[in-house]
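Asks: Generate coordinates for the sequence data below:
(chains A and B)
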Amino acid sequence: MINRRNFLGLGLGAIAVAAIPGKLSAIDFRETMPKAWTATKVDDAVKEVFGKTATTEGSIKLNAPDIAENGAVIPVSFETDLKATKVAVFQDANPESTVAVFTIHDNAVIDYAIRIKLAKTGTVTVIAEADGKLYSVSKLVKVTIGGCGG
Amino acid sequence: MATRIKAKVKKDITEVKALANHPMLSYQEAKRANKEANFITHFMAEVNGKVVYEVSTSQFLSKDPYMKFSFKGAAKGDEIKITWKDLKGATEVETAKIK
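Replies: Below you'll find the predicted structure:
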């Protein structure tokens, strides 16, 4: 039973990948780094996503509210002039630490905004990898009403 | 379940605001609501066949994910194509013209 389910899963996975026409440049980190999504501590998650944890502070501007009244919708935006190839957003308030991992393509202008959920007050960290070095910036966001439904 | 796209180009930099329609149920929320967790896991934008924005996402993005991003090299009239897929394997593709 388990073997069959695994086999079917593999088959579906293969079809899904094949169905996406020649996206050589598209990288789905959920498939290429599954452990990044289950890491429960920010350091572990950073290690899964970037392979190392040493970071230099700065070079990224991070905008997030000091106090979020609604933990379910917290606007987070960041911008940087770094020639980054990968940027990831982490936080330490939710069960798992990784929020999003951006692949930066040529021509991208790193000026991104997203909306996230925080279960409680926590620190949002954005890390960018440029020229093999990691740059990070963090901000504490106070949450009055938790964002994960409680 | 359409994705709304607003793309504007100014001096070679195109800024896009996209709003996807998705419940984005995290594992915690799904358990509480007795539903299955489901959330967008990958989101990508292409212009003229090149990927200009790409992000792998988690259950921690807000419901009806809003994303703003910018890139260079596109012109007014170019078409931007946004593709996302979720945990259950559903995908959605939406296109819009850059103004």
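Asks: quick one, phi psi at residue A:34?
Replies: phi -60, psi -30 (degrees, to the nearest 10).
Asks: What count of nearby residues applies to it?
Replies: Residue neighbour count, defined by other C-beta atoms under 10 Å in any protein chain shown, stands at 10 for residue A:34. (Glycine included, C-beta is placed from N, CA and C.)
Asks: Which residues does stretch B:92-99 contact?
Replies: B:1-3, B:5-9, B:14, B:20, B:47, B:74-85 (C-beta atoms under 8 Å, 6 or more residues apart in numbering or on different chains).
Asks: redo that, cut-off 10 Å
Replies: Outside stretch B:92-99, the residues within contact range by C-beta atoms under 10 Å, 6 or more residues apart in numbering or on different chains are B:1-9, B:14-16, B:18, B:20-22, B:40, B:43-47, B:74-86.
Asks: The residue sitting nearest the centre point of chain A: helix or strand, and which one exactly?
Replies: By C-alpha atoms, centre = their mean, the mean C-alpha position of chain A lies nearest to residue A:100, the distance being 2.2 Å. Residue A:100 belongs to strand A:98-103 when elements are defined using DSSP states H and E.
Asks: Against which helices or strands is that strand packed?
Replies: Applying 3 or more C-beta pairs under 10 Å, 6 or more residues apart in numbering or on different chains; DSSP states H and E, one finds that strand A:98-103 contacts helix A:29-32, helix A:42-50, strand A:74-80, strand A:86-91, strand A:108-116, strand A:122-130, strand B:40-47, strand B:50-57.
Asks: which residues in chain B form helices?
Replies: B:27-33 (DSSP state H).
Asks: Centre-most residue in it?
Replies: residue B:43 (4.8 Å).
Asks: per-residue pLDDT, the closest residue to that residue other than its chain neighbours?
Replies: Using C-beta to C-beta, 6 or more residues apart in numbering or on different chains and skipping the chain neighbours, the partner closest in space to residue B:43 is residue B:84 (4.3 Å). Here the pLDDT value assigned to residue B:84 is 97.
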